[in-house]
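Undergrad: Next one to model:
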Amino acid sequence: MLLLDDPHWADQASLDLTEHLVRKPPGAPTLIAVAYRPGNAPRRLVDAVAGGVRVDLPALTPAGLEALLGAESRRRRTALASHLRPHTPSSSPPPAPSPPSRPRPLPPPPAPPRPSPATPPLSRDPASLPRRSRANGRALISDPRPFALDRRESP
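TA: All right, here's what the predicted structure looks like:
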């Protein structure tokens, strides 16, 4: 699974990797999700993902943001909402609706490899994961700071 949000902030290597994986997916089940605002994403990435399923999402309203952050503590939720609101275009008039697009179905994925006896299959039930893994996942999902894979400073 590869999730790329706001690709206009991504470095060239990340864009190259994403484009390569979209055009030549690995021989295993793969999900690639790219979230971008129209006009902000690099053209070649938009072209690369054009054959996938497109889901148009409206801007997140303050009420929607509150619902999304419902499980967080009140103090942290307020701080995060204050940080995110200026970056949410919900106060501007909504754009004219675009004509509905008919998503093209993706080809069926290849059959998943059979797990070896030494490697137990992953469960789809998060409750079956070790407590520490669940805690790490919750921390990563609820952390408002940007997640950087490459922490080197730009020249």
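
Undergrad: in the protein, which spans are helices?
TA: Remark: helices assigned in the chain by DSSP state H are 12-23, 43-49, 62-68, 74-84, 131-142.

Undergrad: average pLDDT for the last one?
TA: Okay, so that is helix 131-142. In this model, helix 131-142 has an average pLDDT of 69.

Undergrad: Next one, pLDDT for Leu149 please.
TA: Confidence for Leu149, expressed as pLDDT, is 53.

Undergrad: out of the helices of the chain, nearest to Pro108?
TA: Proximity to Pro108 (CB to CB) singles out helix 12-23 among these, at 16.9 Å. To be clear about C-beta, it is placed using only N, CA and C from the backbone, and glycine gets the same treatment.

Undergrad: tell me the mean pLDDT for that closest one?
TA: The predicted model assigns helix 12-23 a mean pLDDT of 86.

Undergrad: list the buried ones in that helix?
TA: Using 16 or more other CB atoms under 10 Å as the test for burial, helix 12-23 gives 14-15, 18-19, 22.

Undergrad: Mind putting those residues into TSV with distance to Pro38?
TA: Listed next are those as TSV, based on distance: CB to CB, whole Å:
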residue	distance to Pro38
Ser14	20
Leu15	17
Thr18	18
Glu19	19
Val22	18
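
Undergrad: Give me the distance between the spatially closest residue to Pro110 that is not a sequence neighbour and Ala48.
TA: Leaving aside its chain neighbours, Pro110 sits nearest to Gly27 (6.0 Å; criterion: CB to CB, 6 or more residues apart in numbering). Distance from Gly27 to Ala48, counting by CB to CB, to the nearest Å: 19 Å.

Undergrad: The two: who's more crowded?
TA: Ala48 (19 against 8; other CB atoms under 10 Å).

Undergrad: Would you confirm that the more buried one contacts Lys24?
TA: No: between Ala48 and Lys24 there is no contact under CB atoms under 8 Å: 10.6 Å.

Undergrad: so where's this structure uncertain?
TA: 70-73, 88-103, 113-126, 137-155 (pLDDT under 70).

Undergrad: can you do 80?
TA: 38, 59-60, 62-155 (pLDDT under 80).

Undergrad: number of nearby residues for the residue nearest to Leu2 when sequence neighbours are not counted?
TA: Sequence neighbours aside, Ile32 is the residue nearest to Leu2 in space, at 4.8 Å (criterion: CB to CB, 6+ apart). Ile32 has 15 neighbours, counted by other CB under 10 Å.
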